[in-house]
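Asker: Got a predicted model here, sequence first, then my questions.
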Amino acid sequence: VPRDEPNVGVCWSKTHEAEFLVGMVAGRMTITNLLGYVGGFRIPVVTRNLNAFTMGARMVNPNVTVVVYFTDDWNNGDLEAYIGRLFILMGADVVSCALSSGQRLQNLFHENGLYSTGFGSDYGAVFGDLVLVSSLRQWGPCYIHYTTQIMLGEFQPHQANFYGIAEGYSDITQLSWRVPQEVQVEVSAMRKVLLSGSEIFCGPIYDNLGNVAIPDGKCLNNSEFISLEWMNYMAEGIDLRGSMTLPGCGVGMYSKLNEAFEFQGCEVCPPGTFTSGEEDLLECKACIAGMFSIEGICKRCPRGSYAPNAGASMCSECEPGQFQDDEGMDSCQPCKPGYFSNQKGTINCTSCSPSQYNPKYGSR
């Protein structure tokens, strides 16, 4: 925003204070000690919120690691879902984000019975009680501030108001009922500390490489909060995986990972499994009963055969005395009385000759 314009004023929220509290909740609620975090762009405001989230989590649980990917986009649902699946494979049980909404990411974790936290608005009101808590930006005080100045004829140009919880510019939502009472009390106590005007970015603070990021005795001021010089580090406890792009594995292929969950290339699905190519997958899915696959594409069993179970790499021929006149079936049918089949893979049973009869089902 061009602050040199005489009729322009700027407001921004110290959302990092609320994110510190959100991190405390995530740090207490994780069982695996692994949290997932997806950021849009690696810019000072996102880095500041990420660092604060991590510091809050590790203040209450020093064993926590926060695995971080950036999408270089504010809204890429397919990529968010891919990263979410990667987090779940890694063992993350709480996810957070700095995105436009992160809807696909939130839904994926909730479908697997896992927790999330919200950023910038009340995610719990949209996604339900598996959202433990959300950070909030609150613009009302900003509007009141400038409106009052204008009404009283006291407006001054070149203003940049950068405030936090103490001034009502930021806060957190009510915590989910799933958060234990003792955790709620702990977070409430820290919120009171921030309401008193205390800062969280005060040294000594170390980065994830063990270097001093903010020296002892130094507390960042407002201009330094938005400076790349001071907010280009990753806090201790962050496992930075960098910018992620969709691998683009096609139909019948999946993303192969190494033991460190790093992408190694696209591979053809094992026999009996498939991918549709509609979204990048880290694992192939089993073909349903009645179908088979050899190279990652499920096909219907041909007539005269069947596949009784999911994940078949081949179909079995119908036994003598049975038939199957349809494709994609999980069983064969017995020949009815008066009909027979004496070989495997029969499509239609043969009727008995006029001088013969067959009173039973399944005759050969």
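Answerer: Here it is on my side, so go on.
Asker: In terms of helices and strands, where is Leu89?
Answerer: helix 77-90 (DSSP states H and E).
Asker: Check which residues of stretch 66-84 are buried.
Answerer: Buried residues in stretch 66-84, defined by neighbour count with 16 or more other C-beta atoms under 10 Å: 66-71, 76-77, 79-84. C-betas here are computed from N, CA, C, even on glycine.
Asker: For these, which two are the farthest from each other?
Answerer: Greatest spatial distance among these (C-beta to C-beta): Val66 and Gly77, at 22.1 Å.
Asker: In CSV, list the C-alpha atoms belonging to the helix holding Leu89.
Answerer: C-alpha atoms of helix 77-90 as CSV (Å, rounded to 0.1, in the frame of the first residue of the first chain):
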residue,chain,number,x,y,z
GLY,A,77,-6.5,-27.7,-3.7
ASP,A,78,-4.9,-30.6,-5.6
LEU,A,79,-1.4,-29.8,-4.3
GLU,A,80,-2.7,-29.2,-0.7
ALA,A,81,-4.4,-32.6,-0.8
TYR,A,82,-1.2,-34.2,-2.1
ILE,A,83,0.9,-32.7,0.7
GLY,A,84,-1.8,-33.7,3.2
ARG,A,85,-1.5,-37.4,2.1
LEU,A,86,2.2,-37.1,2.5
PHE,A,87,1.8,-35.7,6.0
ILE,A,88,-0.4,-38.6,7.0
LEU,A,89,2.1,-41.1,5.6
MET,A,90,4.8,-39.4,7.7
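Asker: what's downstream of the least confident helix or strand in the chain by mean pLDDT, the next helix or strand?
Answerer: The weakest-scoring helix or strand in the chain, judged by mean pLDDT, DSSP states H and E, is helix 222-225 (a mean of 78). Using DSSP H and E, the next helix or strand after helix 222-225 towards the C-terminus is strand 238-243.
Asker: Export that next one to CSV, keeping only CA atoms.
Answerer: Presented in CSV, the C-alpha positions along strand 238-243 are these (Å, rounded to 0.1, in the frame of the first residue of the first chain):
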residue,chain,number,x,y,z
ILE,A,238,11.1,-26.9,11.7
ASP,A,239,11.8,-29.6,9.1
LEU,A,240,11.7,-27.4,6.0
ARG,A,241,11.0,-29.4,2.9
GLY,A,242,10.9,-26.4,0.5
SER,A,243,8.5,-25.7,-2.3
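Asker: Would you indicate which residues of it are buried?
Answerer: Of all the residues in strand 238-243, those buried under the rule 16+ other C-beta under 10 Å are 238-241.
Asker: Relative to Pro44, how far out is the residue nearest to Phe201 when sequence neighbours are not counted?
Answerer: For Phe201, ignoring the flanking residues on the chain, the nearest one in space by C-beta to C-beta, 6 or more residues apart in numbering is Leu220 at 4.4 Å. Separation of Leu220 from Pro44 (C-beta to C-beta, to the nearest Å) stands at 11 Å.
Asker: Show me the shaky parts of the stretch 1-150 of the chain.
Answerer: 1-4 (pLDDT under 70).
Asker: Show me the contact partners of the helix holding Leu89.
Answerer: The contact list for helix 77-90 (C-beta atoms under 8 Å, 6 or more residues apart in numbering) reads 34, 36, 38, 67, 69, 71, 73, 95, 97, 99, 102-105, 108-109, 112, 114, 244-246, 257, 261, 279-282.
Asker: Make TSV out of the buried residues of stretch 66-84 and add distance to Phe20.
Answerer: Converted to TSV, the buried residues of stretch 66-84 look like this (distance: C-beta to C-beta, whole Å):
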residue	distance to Phe20
Val66	13
Val67	19
Val68	16
Tyr69	21
Phe70	21
Thr71	23
Asn76	27
Gly77	28
Leu79	27
Glu80	24
Ala81	28
Tyr82	28
Ile83	23
Gly84	24
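Asker: ok, so of these, who is nearest Ser196?
Answerer: Closest to Ser196, out of all of the buried residues of stretch 66-84 and judged by C-beta to C-beta, is Val66, at 26.9 Å.
Asker: looking at this, that closest one is in a helix?
Answerer: No - with DSSP: H, G, I helix; E, B strand; the rest coil as the criterion, Val66 is located in strand rather than a helix.
Asker: Does it touch Ile238 like I think?
Answerer: Yes - Val66 is within contact range of Ile238, at 5.1 Å (criterion: C-beta atoms under 8 Å).
Asker: Which residues are in contact with each of these two?
Answerer: 50, 54.
Asker: nearest spatial neighbour of Ala137, skipping sequence neighbours?
Answerer: Residue 137: Arg, not Ala. Among residues not flanking Arg137 along the chain, Ser13 sits closest, at 4.3 Å (C-beta to C-beta, 6+ apart).
Asker: From Ile200, how far off is the one you found?
Answerer: For Ser13, the distance to Ile200 - C-beta to C-beta - is 14 Å.
Asker: cool, Glu278 as well?
Answerer: Using C-beta to C-beta, Glu278 is found at 43 Å from Ile200.
Asker: Between those two, which is the more surrounded one?
Answerer: Ile200 (22 against 8; other C-beta atoms under 10 Å).
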